[in-house]
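**Student:** how does the following fold in three dimensions:
(one chain, ligands or ions: 2)
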Amino acid sequence: MDFSKDEIIEILQDDGQNDWLFSLADKTRKEFVGDEVHLRGLIEFSNICKCNCKYCGLRSENKFVQRYRIEPEDIISYAQNAVDMGYKTIVLQSGEDKFFSREILCDVIKEIKKLDTALTLSIGERSFDDYKAFKDCGADRYLIRIETTDRYLYKKLHPNMDFDNRLRCLRDLRALGYEVGTGCLVGLPEQTIESLADDILFFKEINADMIGIGPFLPHPQTPLKAAVHGSFTLALKVMALTRILLKNINIPATTAMETLNSNGRLIALQCGANVVMPNVNSSEYRKKYEIYPNKSSITGSKEVNDFETKLKSIGRTISKDYGFRNNS
Ligand code: SAH
Ligand code: SF4
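**Tutor:** Numbers count the residues shown, from 1 in each chain. Ligands and ions are numbered 1, 2, ... in the order given. Got it, this is the predicted structure:
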């Protein structure tokens with residue numbers, strides 16, 4: 001099924017349509033990617049960031065964050081532990097931390113790729129040559145959200161960053177053969193429903209392989225501390241429409257959704273999502289990786305087991321394969 005921009009806007013505005021929208025998204029998910037849920041083991045390896053995104057708790061101007069950087073050999077051992085626990089994808093995420101040069105990251109990537117795992121990077125804007133080197137060392141996927149396709153809003157929220165460079169990154173990653181993930185924040189101050197419709201159409205236009213959508217959550221040590229948080233239901237609707245339009249892609253039930261609604265992850269999995277990203281680094285770091293407050297991560301094997309029980313109760317199982325697009 002395809003929707004025009006006007007139809008998307010109408011659906012986003014009218015909550016009377018939510019029931020059929022969520023059930024069509026769930027049906028589409030079942031038909032195109034099945035009942036398996038892919039777990040990705042997330043390692044947040046540095047909270048040091050040179051960027052200053054106005055919404056993010058890790059922005060460089062936030063002096064209250066205790067900054068950390070996990071040593072390369074420790075990143076590798078977290079990855080090893082995660083693979084031993086059965087994870088089939090490792091996600092390396094960080095702020096834009098210059099310490100992690102091309103050479104250092106290439107070494108980490110090569111070591112992790114010796115393990116039996118797919119590897120996703122989520123480390124922000126880099127040069128074509130960096131992206132190429134990481135791909136040559138075996139990185140499989142890359143996540144970089146466009147955040148918003150509204151250029152005016154993008155400029156306001158991202159001092160010293162350039163929307164066109166963000167697009168360049170997505171283009172380069174695609175050209176290099178990565179599975180490409182992007183996504184947006186829902187409920188940013190001044191964001192319109194029309195621009196959310198544009199975001200969804202953008203995902204379709206670039207034929208993204210993965211889309212992460214989360215409500216904006218105000219962080220108390222950012223310029224947006226007094227802003228209202230994004231709506232859980234609206235974020236769910238953007239996600240459901242994305243599933244219906246892009247069909248066989250991978251869509252995570254995001255942590256930000258669980259933070260707003262205590263059952264958010266499970267609800268998202270029934271409205272189009274098929275991926276969950278438990279945290280596999282230690283709690284010492286997790287607390288400091290505060291992009292927004294009260295981040296609600298799944299951690300440790302007990303929580304994963306409890307989560308698996310919940311999944312079974314909604315007819316879903318944990319996948320044992322790498323979980324590339326299309327399950328291929
Ligand atoms: N530095 C990398 C990866 C870490 S940030 C990058 O920016 O790509 C990962 C994601 O966290 C961002 O893409 C953004 O969409 C999300 N995020 C940041 N601050 C947030 C907030 N206050 N509420 C909700 N999501 C937020
Ligand atoms: Fe840095 Fe990413 Fe946060 Fe922006 S969103 S400040 S790039 S960690």
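**Student:** how much space between residue 108 and residue 154?
**Tutor:** Per C-beta to C-beta, to the nearest Å, residue 108 is found 30 Å from residue 154. Every C-beta, even on glycine, is put in place using the N, C-alpha and C of the backbone.
**Student:** next one: residue 109
**Tutor:** Taking C-beta to C-beta as the measure, residue 109 falls 29 Å from residue 154.
**Student:** of these two, give the one with the bigger neighbour count.
**Tutor:** Shown here are residue 109 and residue 154; by other C-beta atoms under 10 Å, residue 109 has more neighbours (22 against 19).
**Student:** touching ligand 1 at all, the helix or strand encompassing that one?
**Tutor:** The secondary structure element spanning residue 109 is helix 102-113 (assigned by DSSP states H and E). No - taking C-beta under 6 Å from any ligand atom as the criterion, helix 102-113 and ligand 1 are apart, separated by no less than 13.8 Å.
**Student:** other SSEs contacting that helix?
**Tutor:** For helix 102-113, the contact count by 3 or more C-beta pairs under 8 Å, 6 or more residues apart in numbering; DSSP states H and E identifies helix 72-84, strand 89-94, strand 118-122, helix 128-136 as packing neighbours.
**Student:** ok, 6 Å please
**Tutor:** Contact analysis of helix 102-113 by 3 or more C-beta pairs under 6 Å, 6 or more residues apart in numbering; DSSP states H and E lists helix 72-84, helix 128-136 as its packing neighbours.
**Student:** so which of these is nearest ligand 2?
**Tutor:** Ligand 2 sits nearest to helix 128-136 of all these, at 15.3 Å, using C-beta to the nearest ligand atom.
**Student:** for that closest one, buried residues please.
**Tutor:** The neighbour-count check on helix 128-136 (16 or more other C-beta atoms under 10 Å) flags 130, 131, 132, 133, 134, 135 as buried.
**Student:** near ligand 1, which residues of the stretch 151-300 of the chain show up?
**Tutor:** Residues of the stretch 151-300 of the chain lying close to ligand 1 by C-beta under 6 Å from any ligand atom are 185, 214, 216, 217, 219, 256, 291, 292.
**Student:** residues touching the last one, list them.
**Tutor:** Same thing as residue 292. Applying C-beta atoms under 6 Å, 6 or more residues apart in numbering to residue 292 gives the contacts 217, 219.
**Student:** the one 4 residues further on too?
**Tutor:** By C-beta under 6 Å, 6+ apart, residue 296 lies in contact with 255, 258, 259.
**Student:** ChimeraX command for the buried members of the residues you listed?
**Tutor:** Here is the ChimeraX command that picks out the buried ones among the contacts of residue 296, judged by 16+ other C-beta under 10 Å:
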select :255,258,259
